[in-house]
Structures are given as C-alpha cells and as structure tokens.
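Engineer: next one to model:
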Amino acid sequence: MLAICKQMASPESSAENGVMSDLVERVREASSRWQLQVRAPLDGGSRSTVVAASDAQGRDLVLKLPATRNAAHAEAAALRDWAGSGAAVVLVDATPDALLLLRSRPGVLMPWRPEGGPTDRLAAVTELLRRLWFCTPGRYRYPTLAKTYPDNERTAREDAASERRRRDEPFRGEAGLARLPIAAASAERLISTASKPTLLHGDFITKNLVSDAAGPVGWAVLDPIPTIGEAAAEVAAFAAYHPAESILPVAEALAHEVGVDPGRVLSWTAIWSVHQAAQAWRDDQEQLDELITSAPVGRLLRTWPRASRTKALPN
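Structural biologist: Predicted coordinates for the structure are as follows:
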C-alpha cells in the first residue's frame, strides 16, 4: 500500500507536511471499510487521488480521495442526485473522506481533438447534458455560480504564475490575465440576468467524459464540481476547452442542439476562453490569445446580454 501511495503522491509533497502519512491512512481506512484490494493509481486526478480497486465481490471499482471534505460531500451529493440518469459514473458508497465508484469501461477519456472533428460528438454530449440537467437537486446546498466564479478567476491567476515559473516565460498568459476584469464584469451581468437555475456538472469538459459501454449514452461524466447556475455557462465551458479554432463553432452548434440561447452561450464562451488563455497551460496558447484579442470576442465581452430564455428540454 505504501508503494502505491508513493506513486499517487505529487512530487511537491513532503514528509514534513504529513501528506504521505495522511494519504496512506486514508487509503488504509477506505480499504478496510469496503474490503478493497487496492491496485494501481489512475491518471487524471489533479486535485484528488484516484486509484483502481476491487472488492470481495470482484467488482471493478475506483477509490477516489478528494482534496477536501467539502469537495467529497459535494461530489457525492451530485452523484446521488444523478443516480439513475445514465449520465454519470455510479457512486457505490461514500464517507466524508472518500468515494467508491464503479469503474466505467472501456474508460477512455474523450479526446481533446477528435479525428472526425469536434461536431461529431455533439449528439452524445447533448444527451449527457439533457440527462444531467433534468435531475432535481436534493437537500445538499450546492454553491452558486456567483459564488464560485471568483474562485475560478483566482485559479486562473495561480495557474498563470505556475506556468510562467515552470516554462520560464514571464509574460505567458498575459492576454488572458489582462482581460479577466472585463470577463468578470460580463459574467456578473450574465449571472444577474439568468433564469432557470440548474444543477451543473461544474467542470463539463472532454477530460471529464469517459467512455462507458454499460451506459445508455456510451459516455459518462466524472469528477464534477457541482454548481447551481444557468445551462449556458456549462455549454460554454465545454466549448472553451476545445482547440482555439473550434471554440466558437462548437459553442454555437451545441447551444442549438441543447436548446439554450446561443447569444448567452457565446458570451459565456468568451468569458471562459479568457480564463483558458489566462491559465497559460495550453499547447495552442498563441492561437487562443489571438482568439480572445479578436474583435468578435471583444464584442461578446462588452455586449449587454438579454435575459435568459432557456428552452424547456423535451422529456
């Protein structure tokens, strides 16, 4: 178990701050509680520790250790609210410190740049969003987009500083950082005019969509950061994570597919594209900087949005 935990721990972790000992203890407690055979760490957990496991029944499972208890509570609540939707990974059980999930198979993440082009997967993405958004939130008090937006902006600034140090590029992400204030003002206007609050995944991007042959869509969402907000913001987040040349076309096409106001989606897409550029980690950074400094995106950031008129999705 210690060897596995060493593989899972980040290179920055040190014995002095107790990261390793805490991780070992959390894995040990979860393994004992659920009678797990812990196997190998899995890729993809930037904030959480994720490891393959099986139980006494031989089930193919994933043990997830979120970074904080608040994150664990929120994710478990969302997965319970989405239970039966056919859109999310299945929560087997949860504690304040850990989540036990059924492992999706074949378990391949949706590619950032698909071979057939970004619009080829819109049917599956549309179906996932429809299923997620139809679910009624339970008793858990999810944070609102108004509350989480400043956290997103802070993360963008922190990521920019990290990428600049790592790459030794002191001005990387500058175009995005310079536009964060106007993006925030645009977000505030959109939030104030939104209607029909919805339980959002909160991080609905390709790296959080996994192939799932057992599910009705063939794909399932994982790693939610559940938030209450307008659907347009979720569509836009998915689009903004695409290669720069595809961002606006995907945003408009998906907005029409799911029945969300394309104008509000495009405004949110401009905002999240600024965040993506500010984070400064992308391989297409130059193209993304060109997009957010273009006249069309500038107009989207400055246009006063009309009130949300999200269409009712069919049953």
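
Engineer: now the longest helix along the chain: buried residues?
Structural biologist: Longest helix of the chain, by residue count under DSSP state H: helix 145-167. For helix 145-167, burial by neighbour count (16 or more other CB atoms under 10 Å) applies to 145, 148-149, 152-153, 156-157, 159-160, 163-164. All C-beta spots, glycine's among them, are computed from the backbone N, C-alpha and C.

Engineer: by contact count, what packs against it?
Structural biologist: helix 174-192, strand 227-229, helix 262-279 (3 or more CB pairs under 8 Å, 6 or more residues apart in numbering; DSSP states H and E).

Engineer: in a markdown table: the ones you listed, plus distance to Ser21.
Structural biologist: As requested, the helices and strands packed on helix 145-167 are exported to a markdown table (distance: least, CB to CB, whole Å):
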| stretch | distance to Ser21 |
| --- | --- |
| helix 174-192 | 37 |
| strand 227-229 | 33 |
| helix 262-279 | 32 |
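
Engineer: which strand or helix spans the residue most central in space within the chain?
Structural biologist: By CA atoms, centre = their mean, the chain has its centre lying nearest to Asp203, at 1.8 Å. Assessed by DSSP states H and E, Asp203 sits outside every helix and strand.

Engineer: and for it, nearest residue in space, chain neighbours not counted?
Structural biologist: Leaving aside its chain neighbours, Asp203 sits nearest to Ile225 (4.7 Å; criterion: CB to CB, 6 or more residues apart in numbering).

Engineer: and the chain, what are its domains?
Structural biologist: 2-103, 109-302 (automatic domain parsing).

Engineer: among those, show the one with the smallest mean pLDDT.
Structural biologist: Note on the domains of the chain: lowest mean pLDDT is at domain 2-103, with a mean of 85.

Engineer: secondary structure class for Leu101?
Structural biologist: Under the three-state scheme (DSSP: H, G, I helix; E, B strand; the rest coil), Leu101 adopts strand.

Engineer: got the contact list for it?
Structural biologist: 61-64, 79, 89-92, 222 (CB atoms under 8 Å, 6 or more residues apart in numbering).

Engineer: I'd like the distance between it and Leu79.
Structural biologist: Taking CB to CB, to the nearest Å as the criterion, Leu101 is separated from Leu79 by 8 Å.

Engineer: all good on my end, thank you.
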